[in-house]
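Participant: Coordinates only, no sequence provided:
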């Protein structure tokens, strides 16, 4: 079973679509937003208020009750499953996770190549096996200086070592040159 706190931290750092994205007006639109905002395993929070965050430019326009109906329709159609992951540390209620059933249908999941282990090792070695922001030496990850979702490459010059916390804080922002260079 996945550690709920690590998964929640990863899902909280997911990229949101920009203002040019299409309006979400039905269950199919919610599924498209979910595909865009889900983690690499096709998971996102199932709570209707958190699902609304996937299309933040419409927050005031779509009631959470409508989002809940769309979510339930996607479950009924077999597009997603909703399962409890654990209990919230805030209110004690269950943390529900929506999972896309057939991720292979969506290019977001099929098109993302894996960064080769040799490139990972090269970047970690170059950066001294430490986060370039805070200096941490544990829970390290690779970060794209120019985000992959915005056309950045998996070349070593576009990668830097950050701890998961600093990587989450950076999000999908482009931050000039690689720190520590």
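Facilitator: Perfect, thanks for sending it. Here the structure is a predicted model, which is why all the values come from computation and not from measurement.
Participant: can you tell me how far residue 123 sits from residue 45?
Facilitator: For residue 123, the distance to residue 45 equals 31 Å [C-beta to C-beta, to the nearest Å]. Any C-beta I mention is one placed from the backbone N, CA and C, and that applies to glycine too.
Participant: what about residue 41, how many neighbours?
Facilitator: 15 (other C-beta atoms under 10 Å).
Participant: which residues sit in contact with it?
Facilitator: For residue 41, the contact set (C-beta atoms under 8 Å, 6 or more residues apart in numbering) comprises 99, 103.
Participant: Where does it sit: helix, strand or coil?
Facilitator: With DSSP: H, G, I helix; E, B strand; the rest coil as the basis, the three-state label of residue 41 is coil.
Participant: Mind giving me the packing neighbours of the lengthiest helix in the chain?
Facilitator: The single longest helix within the chain, with elements called by DSSP state H, is helix 64-76. If contacts are counted by 3 or more C-beta pairs under 8 Å, 6 or more residues apart in numbering; DSSP states H and E, helix 64-76 sits against helix 27-37, helix 48-52, strand 80-87.
Participant: Note down every partner strand of the last one and its orientation.
Facilitator: What it means is strand 80-87. Paired with strand 80-87 in the same sheet, following DSSP bridges, are strand 94-100 (antiparallel).
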